[in-house]
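Novice: What would the 3D arrangement of this be:
(one chain, ligands or ions: 1)
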Amino acid sequence: MGRMGNEPSELTSMERRALALMPHPDDMEILCAGTLIRLIEAGWEVHVATMTPGDQGSPDKPREEIAAIRRREAREGALSIGAASYTCLEFDDVRIVFDNDARVRVAGMLRTVNPSLVITTSPDDYMFDHIITSQLVRDACFNAPMPNYATREGQTPTSSVPYLYYTDTMEGVGMFGERIVPTCFVDVTEQIERKSAALACHASQRAWLLKQHGLDDYIGAMKRWCARRGQEIGVAYAEAFRQHRGHPHPTRDLIGDTLGKRG
Ligand SMILES: [Zn+2]
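Specialist: This next block holds a predicted model:
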């Protein structure tokens, strides 16, 4: 299976292709947009996908209506950072399950992009959409290179098992409240305003949080978290990741080596 156990020191330009496959619209902007912007600045082709169109993300709009709005916001957010594509896999909010239908659809997404680097949410996070997405993406990394693993027609197997990174959890803790220790940090100080502008594309969520909590803190909360991660490596703003280093993923710290600092 392709790159299994093999550690190329340099990726060719064809291989500098990343996929951020996140559960919901706005997860990418909150958790890894700065890193994606830096990858694009370094010559990478970056693709963004969400599992759902965020169809539960409204107190008063019906599902189809809010989904249409949020699909558009997610596309705007992805394009604003310079992503090569945005795809919604059209799962439903809070209904993502680990079954064969979902496994095949997620593997198909990997085959469409054929990335050498995949970023998704943490396997230990605050809600099940994030946890199950993480499991599905990890599973797809394993299955997508296998020639006999059938997905949609026209989707060819990926070249290899990619580098896999998990984004920060909510408040940087696991399900028992224990502190998550990142394996790499990316300085996003110079990218923080573009990251904020990408998050601002999600106007419906900002408005909802404003209504619900009475304060316009959507972008402020994101910046405070990046500032806290930044403090850990002595910069103004950072994003943090954990790399999946278990078999059969390549274990060299690709993001750390390309962009990063270790805490
Ligand atoms: Zn989410």
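Novice: So which bits of the protein are right by the ion?
Specialist: Where the chain comes near the ion, counting by Cβ under 5 Å from the ion, the residues are 23-24, 27. From N, CA and C alone the C-beta is placed, and that goes for glycine too.
Novice: Turn those residues into TSV, including neighbour count, pLDDT and secondary structure.
Specialist: Written out in TSV, the entries for these read as follows (neighbours: other Cβ atoms under 10 Å; pLDDT from 0 to 100; DSSP: H, G, I helix; E, B strand; the rest coil):
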residue	neighbour count	pLDDT	secondary structure
Pro23	29	98	coil
His24	28	97	coil
Asp27	23	98	helix
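Novice: So Leu49 sits against Glu90, correct?
Specialist: Wrong residue type there; residue 49 is Ala, not Leu. No - checked against Cβ atoms under 8 Å, the pair Ala49 and Glu90 is beyond contact range at 10.6 Å.
Novice: Between those two, which has more neighbouring residues?
Specialist: The neighbour comparison of Ala49 against Glu90 (other Cβ atoms under 10 Å) goes to Ala49, with 24 against 13.
Novice: does that one count as helix, strand or coil?
Specialist: Following DSSP: H, G, I helix; E, B strand; the rest coil, we place Ala49 in the strand state.
Novice: neighbours around the residue lying closest to it once chain neighbours are set aside, how many?
Specialist: The shortest distance from Ala49 to any residue that is not its chain neighbour, by Cβ to Cβ, 6 or more residues apart in numbering, is 4.3 Å, and that residue is Thr87. Using other Cβ under 10 Å, the number of residues around Thr87 comes to 17.
Novice: Which of the helices or strands spans Thr87?
Specialist: With secondary structure defined by DSSP states H and E, Thr87 is part of strand 85-88.
Novice: After that strand, which helix or strand is next?
Specialist: helix 100-113.
Novice: Now that following helix: buried residues?
Specialist: 102-113 (16 or more other Cβ atoms under 10 Å).
Novice: avg pLDDT for that helix?
Specialist: Computed over helix 100-113, the mean pLDDT rounds to 98.
Novice: Run through who's touching it.
Specialist: Where contact means Cβ atoms under 8 Å, 6 or more residues apart in numbering, the residues beyond helix 100-113 that reach it are 17, 19, 21, 47, 49, 51, 85, 87, 89, 91, 96, 118, 132, 136-137, 139-141, 143-144, 149-152, 155-158, 162.
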